[in-house]
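Novice: model this:
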Amino acid sequence: MDSCLLFATELYALPILRPLAAAAQRAGQRVGWVVPEAVAGYLRADEPRLRSARAVRAAAPQAVFSAANWVPPGFPGAKVQVFHGFNAEKREPDRGHFRLRGFFDLYCTQGPATTEPFRALAREHRYFAVTETGWPKLDPLFAPPPDAPSLRPADGRPVVMYAATFTESLSSARAMFDTLRALTARGDRHWLLTLHPKCDPQLIARYRSLEGPFARFLESDRLLDMLRAADVLVCDTSSVIDEFAVQEKPVVTLRNRRPKPFMLDVQAPGEVDAAIDAALARPPAILAALATHAAAIHPYRDGRSSERVLAATATLLAGGYGSLARKPLNLWRRWQAAQDVRALLPG
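Specialist: As a prediction, this is how the structure comes out:
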């Protein structure tokens, strides 16, 4: 493979795909990015954006890596799903993480908890392959670059991160605002705050107003820096929980949809403060549950998941997964994808 595309429809896709792009470039491959205008401003000078369908065809990629739940079927190359998050169980399996849309040739799964369900689906549908690789986004979490910035305060205060899901019915962002205003002003902890970039802009503005001596608000492209820095995460029902938990650091959740043994789940914002104190004490039972959960969702700690994704893609291109069936002819979904591509790549 000498050329590939990175397909990023949202800002949160950049930290997922950047480690993969870096690994591809280290292997001598040409890399191009397909992104909308809202994301283009966050690309770096060494991340070339392809602006037209003609440019995509000229690039002749052997593979397209997507962190979205779709990929343009008309793009050249194998279509590889690397996922936009862990399985947060926001929906039932057939409507959530394991929903098939008929776009992908290869699913690169994060750990046993997702590998086995996707392999069962592959046996049933036969038009895609599945390989467990780990998640490229977490490569810098376990093998951070030497110049990775630290968000920890110099005074040694414990660091608490707050994040919320975009799904309004499950989000704690509105309910937690007044509590966070009090906790971030108190000064006994340092706070790192973030919201999903598609949240209500007025809500994001309110959260930005919490910035001060003991709190910072950061965009989702700084998520890995926040995950590394924080001692405890406060959240609701979001895949960020799993991204944090793979470090075996404790998580406080507010009304999680399906609380698990590693979470300190509470029912009201007023209970969050005491739960943070309990989490900072690192109870042995919670730590044991965290270790079990981390092994199930992402057992890789070597920071080389991107290389495994590239190797799995090379196997696919070489026919190493055998003859795959034709993808389903979902005309409605393909029509929708075509409209989206025209908006994304007008030329």
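Novice: Now do stretch 196-215: distance to the chain's middle.
Specialist: For stretch 196-215, the gap between its own C-alpha mean and the chain's C-alpha mean amounts to 20 Å (CA atoms, centre = their mean, to the nearest Å).
Novice: How about stretch 33-53?
Specialist: Its chain's C-alpha centre and that of stretch 33-53 lie 19 Å apart, by CA atoms, centre = their mean.
Novice: can you check stretch 23-33 too?
Specialist: In this view, stretch 23-33 has its centroid 21 Å away from the chain centroid, taken as CA atoms, centre = their mean.
Novice: Name the surrounding residues that touch that stretch.
Specialist: In this structure, residues lying in contact with stretch 23-33 by CB atoms under 8 Å, 6 or more residues apart in numbering are 1-6, 8, 21, 43, 47-50, 55-56, 59, 61, 136, 139, 306-307, 309-310. Yep, even glycine has a C-beta here, placed from its N, CA and C like the rest.
Novice: what's the closest non-adjacent residue to the residue nearest to the spatial centre of the chain?
Specialist: With the centre of the chain defined as its mean C-alpha position, the nearest residue by CA atoms, centre = their mean is residue 85, 3.6 Å away. In space, residue 85 comes closest to residue 239 once its chain neighbours are excluded; the distance is 3.2 Å by CB to CB, 6 or more residues apart in numbering.
Novice: repeat for residue 59
Specialist: residue 32 (5.0 Å).
Novice: Next: residue 173.
Specialist: Nearest to residue 173 is residue 164, by CB to CB, 6+ apart, at 4.0 Å.
Novice: So what's the residue count around that neighbour?
Specialist: Residues lying near residue 164 (other CB atoms under 10 Å) number 26.
Novice: Quick check: it touching residue 177?
Specialist: No. Residue 164 is not in contact with residue 177 according to CB atoms under 8 Å; the separation is 10.1 Å.
Novice: secondary structure element for residue 176?
Specialist: Assigned by DSSP states H and E, residue 176 belongs to helix 173-186.
Novice: buried stuff in that helix?
Specialist: Using 16 or more other CB atoms under 10 Å as the test for burial, helix 173-186 gives 173, 176, 179-180, 183-184.
Novice: now do the same end-to-end measure for stretch 149-158.
Specialist: Taking CA to CA, to the nearest Å, the span from the opening residue of stretch 149-158 to its closing residue is 17 Å.
Novice: which residues touch it?
Specialist: Applying CB under 8 Å, 6+ apart, the set of residues contacting stretch 149-158 is 159, 188-190, 192, 214, 216, 218, 222, 225-226, 228-229, 231-232, 280.
Novice: Put the buried members of the residues you listed into a ChimeraX selection.
Specialist: To isolate the buried ones among the contacts of stretch 149-158 in ChimeraX, judged by 16+ other CB under 10 Å, type:
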select :159,189,190,192,214,216,218,222,225,226,228,229,231,232
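Novice: gap between the two ends of stretch 192-205?
Specialist: Across stretch 192-205, the straight-line distance between its terminal residues is 15 Å, by CA to CA.
Novice: And the strands in the stretch 201-347 of the chain?
Specialist: 215-217, 232-235, 251-254, 263-266 (DSSP state E, counting those that start in this stretch).
Novice: Direction included, what does the second one pair up with?
Specialist: It refers to strand 232-235. Within its sheet, strand 232-235 is paired with strand 159-162 (parallel), strand 251-254 (parallel), according to DSSP bridges.
Novice: buried residues in the lowest-mean-pLDDT helix or strand in the chain?
Specialist: Sorting the helices and strands of the chain by mean pLDDT, DSSP states H and E puts helix 331-344 at the bottom, at a mean of 80. By neighbour count, and taking 16+ other CB under 10 Å as the criterion, the buried residues in helix 331-344 are 334, 337, 341, 344.
Novice: which one among those residues gets closest to residue 209?
Specialist: Ranked by distance to residue 209 (CB to CB), the buried residues of helix 331-344 are led by residue 344 at 33.5 Å.
Novice: What distance do you get for that closest one to residue 48?
Specialist: Shown here: residue 344 relative to residue 48, a distance of 16 Å by CB to CB, to the nearest Å.
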